[in-house]
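In: Predicted coordinates and the sequence they were generated for:
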Amino acid sequence: MSDRRVLGFTWLLLALCLGVVLADLSGWAMASLGIANAEFAGGSVDMSTLVAVVVTVAVAMISWRVPKVHDFGIETVVETRKVVWPTRKETRDHTVVVVVVSILIALMLWGFDQVWKRLFGYILNMGA
């Protein structure tokens, strides 16, 4: 797949994510400000969604046409193609190491917590 196509799909995905976030945010803002969220197209589209779509399309189109942003995206795709990804076995082995070390550290912290809890319990009960 060409670099422009990868960048285009990524741009589209990011625009969709931005649209979802803006729809929720604009709905919350309108509710907080007491503005009625009018419905259009027989109730299937509300004002907050329409605002989010307009803002998302504007941001996506403007940022796509900025040469610096576009060049940065292409360079990022090119550099990502140079990455040497780990094999399935390496990923599994590293995941096992992370899980085991996390469990050991959790147990160690639990042990320290128990020691300090008992120590402070003895110290506080000495004066009573």
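Out: Nice, I can see it.

In: For the rest of this, base every contact and every neighbour count on C-alpha atoms.
Out: Noted.

In: so where's the chain uncertain?
Out: By pLDDT under 70, the weakly predicted segments of the chain are 41, 43, 127-128.

In: which residues of it fall in strands?
Out: All strands of the chain, identified by DSSP state E, fall at 39-40, 45-46.

In: which non-adjacent residue is nearest residue 4?
Out: In space, and not counting its chain neighbours, residue 4 is closest to residue 74: 6.9 Å by C-alpha to C-alpha, 6 or more residues apart in numbering.

In: Quick one, which of the strands of the chain gets closest to residue 87.
Out: When the strands of the chain are compared by C-alpha to C-alpha, strand 45-46 sits nearest residue 87, at 45.6 Å.

In: Out of the strands of the chain, which one sits most buried?
Out: Scoring those by mean neighbour count under mean count of other C-alpha atoms under 10 Å gives strand 45-46 as the most buried, with a mean of 15.

In: other SSEs contacting that one?
Out: The contact analysis (3 or more C-alpha pairs under 8 Å, 6 or more residues apart in numbering; DSSP states H and E) places strand 45-46 against strand 39-40.
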